[in-house]
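In: I would like the atomic coordinates for the input below:
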Amino acid sequence: AYASTDAVTVGIAGASGVSVTAYVGNTIIAVNEPLSARLQGGALEVDLVFAAASFSAMAAVTGIDVTFTANQVTSSSVTITVHKPLITAVHVVDVYPVAFGGVNIHPLSPSWEPTEPTLRNASYFTGDLGTRVDGSGVVTAAPGFHLVAGQFYTVVLRAVARANGGPEQYVTTAALINSGVAIGFDHGTLNAAGNMVISTEACVTEFDCQSNFTSVAFTQPKQDVTFRLMNARACSAAGGGCNITFLFNGQDIAPNVATTLVTPVRSIATKLRASCAVAGSTTFTVDACPAAAINVGWTMRVEAVDDWGDVDEFFDGTLFARPIASSPAAFDIVDGDATISSNIIRRRFQAGVAYIDNLTTTRACVGCGIELLTDWGANLTTVTGMTTSNPTERIECSVATPIVHCNEYDASFECLSVGDRNLSTSSSTLLYPDTTICVDVTAVDGSG
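Out: Here you go, the predicted structure:
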């Protein structure tokens with residue numbers, strides 16, 4: 001016979017590799033501990049929670065026998081089948097810039113944001129409120145946002161698991177993570193374009209971390225991975241950005257289940273590069289401006305480029321072009337719109353490129369030069385050794401062929417002397433059919 005308040009022992013057997021926690025209400029009770037619980041009104045309700053003791057120790061399927069003993073009588077066992085949760089996906093849940101190893105690498109603007117609607121504050125942050133899955137394996141930057149090459153970023157990855165076809169949940173314990181899995185990157189496309197995902201290994205100074213990211217151990221259900229990109233190659237905004245794909249032991253975490261950050265990358269301009277095209281041409285040749293004859297109709301293209309010679313497509317500062325004070329002759333520069341202010345031409349960069357159309361000078365100059373600089377700190381560039389000619393202001397002409405005429409007549413109108421006649425000064429000249437006349441035509445600039 002049992003009393004309504006008899007003590008009860010909850011017995012657990014066969015739980016190899018599985019930890020079992022028993023609750024009566026909100027109170028944890030010990031299992032396999034004599035008389036750890038007590039009947040209440042002749043009944044006892046026990047909640048059992050099963051978890052992996054370790055990833056390697058837990059079998060794919062474990063049968064656990066549960067018994068109850070009261071008043072020295074044990075119930076028949078109840079077998080509960082526990083399935084091991086398996087990782088089915090890894091989500092990107094946060095991205096933020098970091099200074100690594102004490103190196104003074106400041107976060108660069110603008111910051112990075114994804115397109116997902118679950119934005120919080122200034123960074124993408126989701127999946128931290130429990131086990132409910134609200135992130136994604138493929139995260140795309142929102143319009144206007146991007147990563148910056150050279151800046152270290154930490155990406156937070158979160159493991160997703162499912163047990164026996166049940167609902168997916170975020171993993172909350174490291175016991176479900178296979179510590180033998182290494183997280184790396186798919187370098188193929190980036191390396192082929194001359195870019196790389198750079199690791200933090202052997203990072204002593206800001207600029208010596210220039211090796212492909214190898215791997216980091218996957219040890220936590222929410223794993224941090226820190227890296228930076230070398231430049232922006234294969235990651236242009238115009239091309240839709242690049243796929244920074246995480247691999248797990250060299251492959252996706254599950255077949256056809258990618259973990260990818262899709263984002264444009266900016267490689268910040270450090271210098272300007274000038275090239276010129278002749279009148280009527282759209283072909284620009286780098287280094288064609290020095291020692292070239294810059295006449296009306298020429299166009300100068302100025303590009304803001306990074307250390308790899310690639311255009312910084314996010315650069316939209318103002319270009320300033322002015323004569324070099326040490327040029328052989330004093331001159332002003334003029335463009336097709338005649339927009340001169342204090343002898344400086346201003347142009348706005350669009351996607352890292354600015355144009356000066358119909359460039360010429362107000363005076364002829366051999367070996368003259370132009371300085372190019374910006375308000376965005378992309379250093380100063382000079383274009384020297386240019387040869388320019390003054391623009392034509394008028395056309396002059398004169399007769400090159402002498403025209404014979406009579407200078408003096410006698411009383412009977414006989415010609416006493418002959419001479420040449422200047423068409424420009426004579427009031428009238430008699431020309432006969434088939435007479436050949438040559439005229440010299442001269443283009444004259446403002447200096448005469």
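In: just the helices from the stretch 201-350 of the chain, written as ranges.
Out: Remark: helices of the stretch 201-350 of the chain are absent; assignment by DSSP state H, counting those that start in this stretch.
In: where does it dip in pLDDT?
Out: 201-209, 286-297, 325-332, 334-342 (pLDDT under 70).
In: how about 80 then?
Out: By pLDDT under 80, the low-scoring segments of the stretch 201-350 of the chain are 201-211, 278-282, 285-298, 325-343.
In: which residues in the stretch 51-200 of the chain form helices?
Out: Going by DSSP H, counting those that start in this stretch, the stretch 51-200 of the chain shows helices at 188-192.
In: remind me which residues of it are low pLDDT?
Out: In the stretch 51-200 of the chain, residues with pLDDT under 80: 98-135, 142-144, 199-200.
In: what about the longest strand in the protein?
Out: The longest strand of the chain (DSSP state E) is strand 86-97.
In: who does that strand touch, helix- and strand-wise?
Out: strand 123-124, strand 138-140, strand 153-162, strand 259-263 (3 or more Cβ pairs under 8 Å, 6 or more residues apart in numbering; DSSP states H and E). Yep, even glycine has a C-beta here, placed from its N, CA and C like the rest.
In: and C276, how far from D312?
Out: 21 Å (Cβ to Cβ, to the nearest Å).
In: kindly apply the preceding question to T260 instead.
Out: 25 Å.
In: these two: which is more packed in?
Out: For T260 versus D312, the count of surrounding residues by other Cβ atoms under 10 Å is larger for D312: 24 against 18.
In: how far away is the residue most central in space within the chain from S199?
Out: With distances taken as Cα atoms, centre = their mean, the residue of the chain nearest its centroid is V265 (0.9 Å). In this view, V265 and S199 are 17 Å apart by Cβ to Cβ.
In: that older thread, flag every buried residue along the longest strand of the chain.
Out: I87, T88, A89, V90, H91, V92, V93, D94, V95, P97 (16 or more other Cβ atoms under 10 Å).
In: who touches the third one in this structure?
Out: Spelled out, that is A89. Residues near A89 by Cβ atoms under 8 Å, 6 or more residues apart in numbering: G137, A159, V160, E168, I253, A254, V257, T259.
In: 6 Å - rerun?
Out: G137, V160, V257 (Cβ atoms under 6 Å, 6 or more residues apart in numbering).
In: got it, and the second one?
Out: If you count contacts by Cβ under 6 Å, 6+ apart, T88 has them with V160, R162, A254.
In: for it, which non-adjacent residue is closest in space?
Out: R162 (5.0 Å; Cβ to Cβ, 6 or more residues apart in numbering).
In: surely the one you found and Y170 touch.
Out: No: distance between R162 and Y170: 11.1 Å, which falls outside the contact criterion (Cβ atoms under 6 Å).
In: who has more neighbours out of these two?
Out: Remark: of R162 and Y170, Y170 carries more neighbours, 22 against 16, as counted by other Cβ under 10 Å.
In: how far away is that one from A161?
Out: Noted for Y170: a distance of 8 Å to A161, by Cβ to Cβ.
In: same question, G385
Out: 67 Å.
In: quick one, which of those two is more surrounded?
Out: A161 (22 against 13).
In: count the residues that sit near the nearest residue to the more buried one once chain neighbours are set aside.
Out: Distances taken as Cβ to Cβ, 6+ apart put P85 closest to A161, at 4.0 Å, once the chain neighbours are dropped. Applying other Cβ under 10 Å, we find 22 residues neighbouring P85.
In: then G367?
Out: Residues lying near G367 (other Cβ under 10 Å) number 13.
In: helix or strand for it, which one?
Out: strand 365-374 (DSSP states H and E).
In: buried residues, that strand. List them.
Out: Those would be C365, C368, G369, I370, E371, L372, L373, T374, for strand 365-374 by 16+ other Cβ under 10 Å.
In: repeat that for stretch 68-86.
Out: F68, A70, I80, V82, H83, K84, P85.
In: list of residues touching it?
Out: Counting by Cβ under 6 Å, 6+ apart, 2, 6, 8-9, 18, 50, 58, 60-67, 161, 163-164, 176 sit against stretch 68-86.
In: got the CA positions of that stretch in CSV?
Out: The C-alpha trace of stretch 68-86 is given here as CSV (Å, rounded to 0.1, in the frame of the first residue of the first chain):
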residue,chain,number,x,y,z
PHE,A,68,9.9,4.8,-10.1
THR,A,69,10.4,3.2,-6.7
ALA,A,70,8.2,4.0,-3.6
ASN,A,71,7.8,2.0,-0.4
GLN,A,72,10.4,-0.5,-1.6
VAL,A,73,8.3,-1.3,-4.7
THR,A,74,9.6,-0.5,-8.2
SER,A,75,7.4,0.2,-11.2
SER,A,76,7.9,-1.5,-14.5
SER,A,77,10.3,0.5,-16.7
VAL,A,78,9.3,3.0,-19.4
THR,A,79,11.7,3.2,-22.4
ILE,A,80,12.2,6.6,-23.9
THR,A,81,14.1,6.9,-27.2
VAL,A,82,16.4,9.9,-27.4
HIS,A,83,17.7,11.0,-30.8
LYS,A,84,20.9,12.9,-31.2
PRO,A,85,20.3,16.4,-32.7
LEU,A,86,22.4,16.9,-35.8
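In: these two touch, right, the residue nearest to the centre of the chain and L147?
Out: Yes: between V265 and L147 a contact is recorded at 4.9 Å, counting by Cβ under 6 Å.
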